[in-house]
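Novice: The sequence and its predicted three-dimensional model are supplied below.
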Amino acid sequence: MTKHLMGSFIQYAGLLVVLGVLIAVFGLSSKNFFQTATLVSIANQIPDLTFIAVGMTLVLVVAGIDLSVGSVLALSSAVLGVLMVDHDWPLWAAIVPCLLTGTLCGLFNGMVAIRFGIPSFIVTLGMLEIARGTTKVVTESKTKYIGSAVEGLGEPLPGILLSPAFLLALMCVVAGQFLLTRTVFGRYCIAIGTNEEAVRMSGIRTAPYSIAVFTISGLMCGLAGLAHTSRLSSSDPNAATGIELSAIAACVIGGTSLMGGRGSVFSSFVGVLIISVLQTGLAQLGISDANKQIITGAVIVVAVLLDKLRNNASE
Amino acid sequence: MTSSGPPVIETRGLTKCYGEVSVLQDCSISFEAGSIHALLGANGAGKSTLVRMLAGLVTPSNGEMRFAERAYAPANKRAAERAGVEIIQQELNLIPTLSVAENLLLTRLPANLGVIDWHELYERAGKALARVGLTELSPSKRLGELGVGTQQMVEIAAALDRDCRVLILDEPTAALSPSESETLFGWLERLRKQGVAILYISHRLDEVKRLADRVSVLRDGRLVGTYDASGFTTERMVELMSGGVDSSQAQEPDVRPLDEALFQVFSIVGGPVHDVSFEVHRGECLGIAGLVGSGRTELLRLIFGADRASSGEVAIGEKRCRFQHPREAVQAGLAMVTEDRKVNGLLLSKSIRVNTTLASMWRRFSQWGITRASNEKAETQAQCHSMEVRCNDDEQIVATLSGGNQQKVAIAKWLVRDAELFLFDEPTRGIDIAARRRIYGLLRTLAEQGKGMVVVSSDTDELMEICDRIAVMSNGRLVETFARGEWSAERITQACFSGYLDQEDVA
């Protein structure tokens, strides 16, 4: 038991050290980094990726993958934008179809992948195209400017400097971690990702769990769509292109296995922080986009390499 | 040319051990050119190990092999092939997506600067096919489109094209139709005339009787003897394989009166299983004997709903049904300890606790869907204690346990879930004697509690020790059921082979 606790402590400690080093390096090399404005800016950029990473962690744990997250985010956002701009819906009413859109896309992914035994890589790749195309159809490829009606969610609350969207994302991280580590649902997800046939032979139907996980990922895309829209005050049909790769990177940095059976929502969240700090810090140092990409890529590979070395050492 | 020449290949004191378990001991056999030499033995007698060593697939622990009167120690299959020893196993070693010609010459594709010379390839492939009489088969055909029998002939053609001097066939006819087998036999006769030494392993004793020049019988990893095939009856073969005389194994004559029927199977059919019916009573342990491939594992999987039965029903208590998913079977009160715990019995990378509670999370270790870790822990520790699992604590990863302790965890999962009928598939395979004893003790406890048990095992002695009745599967059918006191090793072995004797009638 002590070994187990130590193991999970080392797991978090390693990641937090990386995060701390990054913050220290940026703090020392740029005067502006420790200014409140910078930290607030980082914090309020984070929610989109955090929501997505929570869902992605669960999907990876059952040995699936969800490539459609960016497009589903954009579609949810488009639904919100079209309803509020073209049909004058109030925010509270438009949120429901926005979240429902994401959830249904996720449910579709799960149903097709599990019921027909098609690899989720392929099903969600299809959904990536379908959802993006649908987004362009419903918005007629135009950005829908919503304005102040939606901005409240993304703006820092007075006193705590964090936006409602950020707080909601944090709640999802806590809820996701609880689901994964403290519920039967999470236990069976981990078991399915480890050895699905052994779970089936233990008299457990695996399909409902896997489908639910993809549905949760869809719901998270809906929430991310909401956060994204509020931050930009508009819904952009080209929003969040490529966010699936950042989300997978965050999960992998956090030690989630692409082979399934192993993952932690907390660690993925730290992965999100590392990526976000890196992006903002590098931008502040005036490093070009090209070099930013190179450094981000290197950090991802090194992080996973360290994780692998640590696992080998512990075995 | 049927007269046997000098030995092409021979073994002296050949031994193979895995850890403390020896699967072949001190085996000295010689095989002559131009003869068909059959290897006979029940499950685990060591025949496959012997030929796999000759073919370079397994390295001997001790002893030596000689090929054409020179020391022979192939490092791998390629080395053995270069020396002229080819093995055809049940699982074919071919690539279904490539053409017949590419498969035939896979390691020696004719090429100029890396570009395949298709003309040359097809021409050489055509010649190789002609050697085994497959003149109508187009070398450009995709291998996957052919029947299993033809595929097997392609593999044999490939072996012959590599100028083999020793051809090993491990259960070649298991997947063949009677007419395909006939074609194969024709070619074996021809190869014998060409001076190839053929080693032939088969369960089908009538084939052996028909084809073989010489017969070697193995039992429990030892060579019983090598005999001339002429005048060697199938009855005598069975006698030698089962150990003949020591048949009075009924050391425990406690024939218990049978309780009410707990579980019944009515004419279940599916996969290789044909029309099997039996019943298990409360407190009874029913053994299922049979050769590997006789349908024992498949039978358990059909009963448990892991595979779909095409017809037939089971009944636990009064209700008749057919399980579509293991979940239905588990809910009805069945449990199954699978044959390969690593493949589908355990979550190897997870802890003992997670594995032990896996099947009972909703039932016993959660409230409103939230896990109750302290209950899990207490129950797991209790199980580890009573099953004598040797481990550091309940959080130890199952992969780091020994085979015997892994098996105890796989069983503990079902003890925690609780069931009325326990299906055990090879419950003691690959585990040490102490763990084996513990599992036998557990079976007795379950019997005292009035549970029913079905135990599949390749170890006949084990079945005779622990079972109240033994049913024998042969060629997909349940051919005979013995009660305690009626059985002997010889009668069981005889029954095991009976389904393969007149295959024409069965097919």
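Specialist: Received it, and whenever you're ready, just let me know what you need. Numbering: from 1, shown residues only, chains lettered A, B, ... in the order given.

Novice: Close to chain A: what parts of the stretch 251-400 of chain B are there?
Specialist: Those residues of the stretch 251-400 of chain B that sit near chain A, judged by CB under 8 Å from any CB of the partner chain, are B:304, B:306, B:325-327, B:329-331, B:336, B:338, B:343-350, B:354, B:358-359, B:361-362, B:365-366, B:369-371, B:393, B:395. Every residue, glycine included, has its C-beta placed from N, CA and C.

Novice: Next, the buried residues of stretch B:434-441.
Specialist: Within stretch B:434-441, the residues that qualify as buried are B:435, B:436, B:438, B:439, B:440, counting by 16 or more other CB atoms under 10 Å in any protein chain shown.

Novice: right, and the helix or strand after the helix or strand where residue B:416 lies?
Specialist: Applying DSSP states H and E as the criterion places residue B:416 in helix B:403-417. Under the assignment DSSP H and E, the closest C-terminal helix or strand after helix B:403-417 is strand B:421-425.

Novice: so who does the residue of chain A found nearest chain B touch?
Specialist: Closest to chain B within chain A is residue A:203: 2.9 Å, counting by CB to the nearest CB. By CB atoms under 8 Å, 6 or more residues apart in numbering or on different chains, the contact list for residue A:203 reads B:326, B:327, B:329, B:330, B:331, B:359, B:417.

Novice: Quick check, the first one in contact with residue A:201.
Specialist: Translated: residue B:326. Yes: here residue B:326 lies in contact with residue A:201, judged by CB atoms under 8 Å, at a distance of 5.6 Å.

Novice: ok, residue A:299 to residue A:22 distance?
Specialist: From residue A:299 over to residue A:22 the distance is 9 Å, taken as CB to CB, to the nearest Å.

Novice: what do you get for residue B:395?
Specialist: Distance from residue B:395 to residue A:22, counting by CB to CB: 33 Å.

Novice: what sits against the closest residue to chain A within the stretch 401-507 of chain B?
Specialist: Taking CB to the nearest CB as the measure, the stretch 401-507 of chain B has residue B:413 as its residue closest to chain A, at 6.7 Å. Residues in contact with residue B:413 (CB under 8 Å, 6+ apart) are A:202, B:355, B:356, B:357, B:358, B:359.

Novice: How many residues are close by residue B:64?
Specialist: 14 (other CB atoms under 10 Å in any protein chain shown).

Novice: if we can go back for a sec, so for the residue of chain A closest to chain B, what's the nearest residue that isn't a sequence neighbour?
Specialist: Spatial nearest neighbour of residue A:203, chain neighbours left out: residue B:330 (2.9 Å); criterion: CB to CB, 6 or more residues apart in numbering or on different chains.

Novice: Relative to residue A:214, how far out is the residue lying closest to residue A:123 once chain neighbours are set aside?
Specialist: Spatial nearest neighbour of residue A:123, chain neighbours left out: residue A:113 (4.4 Å); criterion: CB to CB, 6+ apart. Applying CB to CB, one obtains 7 Å for the distance of residue A:113 from residue A:214.

Novice: go on, residue A:235?
Specialist: Note on residue A:235: its distance to residue A:214, by CB to CB, is 24 Å.

Novice: Next: residue B:425.
Specialist: As defined by CB to CB, residue B:425 lies at a distance of 34 Å from residue A:214.

Novice: Neighbour count for those two, which is higher?
Specialist: With other CB under 10 Å as the criterion, residue B:425 and residue A:214 differ in neighbour count, and residue A:214 comes out ahead with 30 against 23.

Novice: Where does that one sit, in terms of helix or strand?
Specialist: Residue A:214 belongs to helix A:207-232 when assigned by DSSP H and E.

Novice: Packing partners of that helix?
Specialist: Contacts defined by 3 or more CB pairs under 8 Å, 6 or more residues apart in numbering or on different chains; DSSP states H and E place helix A:207-232 against helix A:36-61, helix A:69-86, helix A:91-115, helix A:148-151, helix A:164-182, helix A:184-200, strand A:234-235.

Novice: Disregarding flanking residues, what is the spatial nearest neighbour of residue A:23?
Specialist: Computed as CB to CB, 6+ apart, the closest residue to residue A:23 that is not its neighbour in sequence is residue A:277, at 6.1 Å.

Novice: Cool, thanks, talk later.
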